[in-house]
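Peer 1: From the sequence below, what's the structure:
(one chain, ligands or ions: 1)
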Amino acid sequence: MNVLVINCGSSSLKFQLINAESEEVLAKGICERIGIDGRLTYQPEGGEKEISEKAMPTHTEAIQFVIEALTNPKTGVVKSLDEIGAVGHRVVHGGEKFASSVVITEEVKKAIEECNDLAPLHNPANLIGITACEKLMPNTPMAAVFDTAFHQTMPEKAYMYGLPYVYYENYKIRRYGFHGTSHSFVSKRAAEVMEKPYEDLKTIVCHLGNGSSVTAVMNGKSVDTSMGMTPLEGLVMGTRSGNIDPAIMEFIAEKENLDIAGVMDVLNKKSGVFGISGELSSDFRDLTNAMNSGDKKAKIAMDVFSYNVAKYIGAYAAVMNGVDDIVFTAGIGENDDYVREQVCSYLGYLGVDFDKEINTGLRGKQAEISKPGSKVRVFVIPTNEELAIARETLALVK
Ligand code: ADP
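Peer 2: Sure, this is the predicted structure:
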């Protein structure tokens, strides 16, 4: 069965058509500038990338163009819509309502909408994508795959904040965690590589991309994760601050004459390695180049980033009372050998025997970067959230 995987943002829509049995990507692309003007980038497997300007006043037109591209007699990859057996939608926030992926029904849509409060930038856009697909493909089953679902196994002691309990009761303020699809995918893959039962392992996954999070996976379940009620908590990220003393917010507001929205904007968009590096860049390739040419702030930014990853690994090894394997994934985790080396330089006491030779220059490929016999094994495992969504969707609609 071919599954169309949709990741819908407020003005963009990424898609992949995947043969869910062979796990082959048939075509992929992105619609951008939806609601502004509109641009479709489409690439069939093994074919040329096509970019075309198209008017996309709403997501419905965007999905219409995606369908046209996929079924185009020349460059398309299927003959008709009938060859798309299901649609899998990435949904960011499932709150406490969804501990796994589900087939989309009217009730499910309502429940997703009830989580809008918790992810005001993402969930409404995800719902728009779902509604647009329903309009154009009314007979195709659809599934929702949530970023938060994998973390619903966290115990209370990991998800409760030190805040009045009524805030949890009234507003559902608690840790939810994100990147769950990725943490689940790569931790399972690591178990396969180690040829050990997933249910027997203590794994720490470092998903390091523009947004970054670390997760403790014990016996196949997420038991703690660094992102919180929103994706702002935890690690220092590309432009997000991660953890700070909450009192800093009032302090900045006064010094910079900002309201709460202004402070949030600083913490989300002007902080992280971008902020520390003096607004040089949020991209680790730029930071590495700058650091290598002697830029002091770029080096501080890189060091702060790695140090924080190491702190979370230490914390999660403590709460799991040990760790069998550590996995690096996503843009930085898969590609940045300096960050991996820096992080692992803190982990000798845990029993990590790091293989610098294998690590150096390793980009985007699965590999073990600890030496044979290392007490804790360390891996680079490329994540593939689209494939994970296609698998979940297939399992649900079959
Ligand atoms: P997103 O959270 O947007 O999915 P990704 O997982 O794609 O992010 O990660 C994007 C980040 O990965 C970039 O901002 C960059 O910092 C980093 N990155 C990508 N390629 C490399 C590379 N070759 N070397 C170092 N960092 C890289």
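Peer 1: Show me which residues of this structure are close to the ligand?
Peer 2: 209-211, 238, 282-285, 330-332, 335-336, 363 (CB under 6 Å from any ligand atom). C-beta: built from backbone N, CA, C; applies to glycine.
Peer 1: Please, where are all the strands along this protein?
Peer 2: For the chain, applying DSSP state E gives strands covering 2-8, 13-19, 24-32, 39-44, 50-53, 86-91, 102-103, 142-146, 202-208, 212-218, 221-225, 325-329, 367-368, 377-380.
Peer 1: Turn these into JSON lines, including mean neighbour count and mean pLDDT.
Peer 2: Formatted as JSON lines, these follow (neighbours: other CB atoms under 10 Å; pLDDT from 0 to 100):
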{"stretch": "strand 2-8", "mean neighbour count": "26", "mean pLDDT": "97"}
{"stretch": "strand 13-19", "mean neighbour count": "23", "mean pLDDT": "97"}
{"stretch": "strand 24-32", "mean neighbour count": "20", "mean pLDDT": "97"}
{"stretch": "strand 39-44", "mean neighbour count": "20", "mean pLDDT": "98"}
{"stretch": "strand 50-53", "mean neighbour count": "12", "mean pLDDT": "96"}
{"stretch": "strand 86-91", "mean neighbour count": "26", "mean pLDDT": "98"}
{"stretch": "strand 102-103", "mean neighbour count": "18", "mean pLDDT": "98"}
{"stretch": "strand 142-146", "mean neighbour count": "27", "mean pLDDT": "98"}
{"stretch": "strand 202-208", "mean neighbour count": "28", "mean pLDDT": "98"}
{"stretch": "strand 212-218", "mean neighbour count": "28", "mean pLDDT": "98"}
{"stretch": "strand 221-225", "mean neighbour count": "22", "mean pLDDT": "98"}
{"stretch": "strand 325-329", "mean neighbour count": "27", "mean pLDDT": "98"}
{"stretch": "strand 367-368", "mean neighbour count": "18", "mean pLDDT": "98"}
{"stretch": "strand 377-380", "mean neighbour count": "24", "mean pLDDT": "98"}
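Peer 1: need these in JSON lines with distance to residue 179, can you?
Peer 2: Formatted as JSON lines, the strands of the chain follow (distance: least, CB to CB, whole Å):
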{"stretch": "strand 2-8", "distance to residue 179": "13"}
{"stretch": "strand 13-19", "distance to residue 179": "16"}
{"stretch": "strand 24-32", "distance to residue 179": "20"}
{"stretch": "strand 39-44", "distance to residue 179": "24"}
{"stretch": "strand 50-53", "distance to residue 179": "29"}
{"stretch": "strand 86-91", "distance to residue 179": "11"}
{"stretch": "strand 102-103", "distance to residue 179": "19"}
{"stretch": "strand 142-146", "distance to residue 179": "11"}
{"stretch": "strand 202-208", "distance to residue 179": "5"}
{"stretch": "strand 212-218", "distance to residue 179": "5"}
{"stretch": "strand 221-225", "distance to residue 179": "8"}
{"stretch": "strand 325-329", "distance to residue 179": "9"}
{"stretch": "strand 367-368", "distance to residue 179": "21"}
{"stretch": "strand 377-380", "distance to residue 179": "16"}
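Peer 1: Could you identify the least confident member of the residues of the chain next to the ligand?
Peer 2: By pLDDT, residue 210 ranks lowest within those, coming in at 91.
Peer 1: Now for the residue lying closest to residue 348 once chain neighbours are set aside: which residues touch it?
Peer 2: Counting by CB to CB, 6 or more residues apart in numbering, residue 348 lies nearest to residue 354, which is 7.9 Å off, once chain neighbours are set aside. Counting by CB atoms under 8 Å, 6 or more residues apart in numbering, residue 354 touches 341, 344-345, 347-348, 369-371, 374, 378.
Peer 1: cool, and residue 159?
Peer 2: With CB under 8 Å, 6+ apart, residue 159 has these contacts: 174-176.
Peer 1: at 6 Å what do you get?
Peer 2: 174-175 (CB atoms under 6 Å, 6 or more residues apart in numbering).
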